[in-house]
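Asks: Okay, predicted coordinates and the sequence, questions at the end:
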Amino acid sequence: ASITHANISKSCRLALKNLLHRRISTAFVMILIALGVGMIYIVHDAEVSSRSYFTHQIEGVDMVVGAKGSPLQLLLSSVYQIDAPTGNIPLEEAYTLSQNQMIREAIPLAYGDSYRQFRIVGTDESYAKMFALSLADGVWYESPLEVVIGSKVALETGLEIGDTFEGNHGLGEATTAHNHEFHYRVVGILNTSGKAADGLILTPVQSVWEVHHQEERQNGEDHDQHHDHHEHSDADAKSEPPTYSSHLWNELTYEDIHTRELTALLVSFKNRWSVLQLPRKIQTETTMMAVLPAVEINKMFEFLGIGLQLFEMLAWLILALASATLFVFFYTLARERRNEMLLLRLMGMKRSNLSILVLLETLGVTLLGYLCGYVLGFIGWRGISMWMVGDMLNALPSRPFDSFDLAIFVSVVLMGAVGAILPARSVYYTSSAVI
C-alpha cells in the first residue's frame, strides 16, 4: 500500500536524473545491449527474409534444365538472374523434353545479350504466366525484336514505349557492342512484381536467334570449328525472319529443332510424382542437367546456416556480456550510493521505493538498449538487403513483428530484472539500518 502512483512517479524522475548523471557508464551498457540485440535481429532477419525471398522467386518452377555444370549456378542464372549460365543445350533435346507427358509447361530461355547491364532474355508468354507478370503499359511482344521491359529497367534506363536500342553481346560488365542493323523496340513495360523479371528485358526467343545468326554471318567463323554452319550460310542468308508464337514450341521448323540452341528450360510438372522419375532420366539419357529448385535452395541455406549460427552465437555472447556488465555496474553503483540511500531514508523515502528506484534504473537502461538494438537491426538489415539486391525497388522484404520479437523482448527484460535483483536487495537491506 505504501507504493503509490506518486512514489513511483517520483522514483522515475529520480532514476532518470541518476542515469543522466552517469551518462557515460549508462551509454556504454546501452551500447552493449543494443549491439547484442541488433546482431540477433540482423542474423534472424537475414535468414527469414532471404529464405522468403528465394522461395518466393521459385514459386511455380518445379525443375530447371540446362547444360551440365554447377546445379546452383544453373538455378541462380535461370531463375534469379544473378549468375552466368552453365552453357547452352540443343533445341532438339529441349523440344523432346517439352513433349513429355509428365510436363505441364516447359518455358524456354535464351541468353546472350544485355543492355546497360540488364539481361535480354528470349522467352515466350508462358514465362509471364508462370511468374504472374502483368503489364503497366503497352502490349506483349508479337514479333521478333520487340521487347517488354521490367519496371526496374524502365526506371534506370528511361526507356519508354516506342523507344529503340541496340543490345550488347554478353552478360554483366563484360559486354561488347553488336555490329548489325537490328534494334530492339520497346512495346510494353511490366508492373513491379518483386521478382527477377523487374530487372529483365523480355523478347521472343527468335530475337536472340536472329541477332546472333546475323552476327555470325557478318563476322564469319573459323572453317574447322564451324564447318556445318558454312555449308548452310547461303541458305541462312536468304531465309525469312523467324516467325513468332506466344508458345515457342508451336512454331519450330525442322531446321530450327536440329540447329538451334537454348540456354535453359523452366519446367512445371503435371503431378508431384514426376519429380521422382524425370530428373534422373534427364541426367542419364540426355546431355542436359536437371535441377530441383527447392532442393538446391535448402542445400544453400544449410551451408549458409553455419555462418549465420556463428554470428547468432556471437550476438548472444555480446548480450550475455552486456547482462554481466549491467549487473556489475548497478551493484557497484548501489554500494557507492550507500550514503545517498541512507540520506533518502532519513528524508522519509521508504525502503521499497529505494528498491524500486534501482529496478527502474536497471530496466530503463535495458529497455533503451533493446529499443536501440531493434532500430539498429531493422536499419541494418534493410541496408544490407538494399546493398545485396542493388536498390530500394527490389530490397528483400522485412518480416512483420512476430513471436520472435516478443521472445527477444522478454529475454532482454528478464536479463535486466535479474541484473537488478541483487543491487535492489542490497539497497533494501542497507537502508534498513535507518529506522
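Replies: Done, it's in.

Asks: Mean confidence (pLDDT) on stretch 374-382, please.
Replies: In this model, stretch 374-382 carries a mean pLDDT of 86.

Asks: Need the contact partners of that stretch.
Replies: Contact with stretch 374-382 is made by 34-35, 37-42, 45-46, 49, 395, 398, 405, as judged by C-beta atoms under 8 Å, 6 or more residues apart in numbering. Quick note: C-beta positions are derived from backbone N, CA and C, even for glycine.

Asks: Now a ChimeraX select for only the buried ones of those.
Replies: Remark: buried members of the contacts of stretch 374-382, expressed as a ChimeraX selection using 16 or more other C-beta atoms under 10 Å:
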select :34,35,37,38,39,40,41,42,45,46,49,395
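
Asks: Any stretches of the stretch 101-250 of the chain with poor pLDDT?
Replies: Segments of the stretch 101-250 of the chain classed as low confidence (criterion: pLDDT under 70) are 170-181, 212-246.

Asks: Where do the helices of it begin and end?
Replies: Under the criterion DSSP state H, counting those that start in this stretch, the stretch 101-250 of the chain contains helices at 126-130, 151-157, 205-219, 227-231, 233-238.

Asks: for the contacts of stretch 374-382, which one is nearest Val211?
Replies: Each of those was checked against Val211 using C-beta to C-beta; the closest is Ala395, at 33.2 Å.

Asks: Can you say which helix or strand has Ile31 in it?
Replies: Ile31 is part of helix 23-57 when elements are defined by DSSP states H and E.

Asks: May I have the strands that pair with the very next helix or strand once past that helix, each with its orientation?
Replies: Sequence order places strand 63-67 as the next helix or strand after helix 23-57, per DSSP H and E. Based on DSSP bridges, the strands next to strand 63-67 in the sheet, each with its direction, are strand 264-269 (antiparallel), strand 288-291 (antiparallel).

Asks: For the helix or strand just after strand 63-67, which outside residues touch it?
Replies: Reading on from strand 63-67 to the C-terminus, the next helix or strand found by DSSP H and E is helix 71-75. When contacts are taken as C-beta under 8 Å, 6+ apart, the neighbours of helix 71-75 outside the stretch itself are 64, 66-67, 83-86, 264, 289, 291, 293, 296-297, 299-300.

Asks: and helix 71-75, how far from the chain's centre?
Replies: Shown here is helix 71-75, whose average C-alpha point lies 17 Å from the average C-alpha point of the whole chain (C-alpha atoms, centre = their mean, to the nearest Å).

Asks: Now do that helix, average pLDDT.
Replies: Across helix 71-75, pLDDT averages out at 94.

Asks: Return the set of buried residues in it.
Replies: Pro71, Gln73, Leu74, Leu75.

Asks: Give the pairing partners of the strand of greatest length in the chain; include direction for each.
Replies: In the chain, taking DSSP state E as the definition, the longest strand is strand 103-115. Strand 103-115 pairs in its sheet with strand 118-122 (antiparallel), strand 168-169 (antiparallel), strand 264-269 (antiparallel), by DSSP bridges.

Asks: Nearest to Val275 among those would be which one?
Replies: Distance to Val275, taken as C-beta to C-beta, is lowest for strand 264-269 among these, at 6.4 Å.

Asks: What's the mean pLDDT across the following helix or strand past the closest one?
Replies: Proceeding N to C from strand 264-269, the next assigned helix or strand is helix 278-285, under DSSP H and E. The predicted model assigns helix 278-285 a mean pLDDT of 91.

Asks: which outside residues touch helix 278-285?
Replies: For helix 278-285, the external contacting residues (C-beta under 8 Å, 6+ apart) are Met63, Val65, Leu97, Asn100, Met102, Ile103, Phe269, Met288, Met289, Ala290, Val291, Leu292.

Asks: Before I go, just wanted to say thanks for your time.
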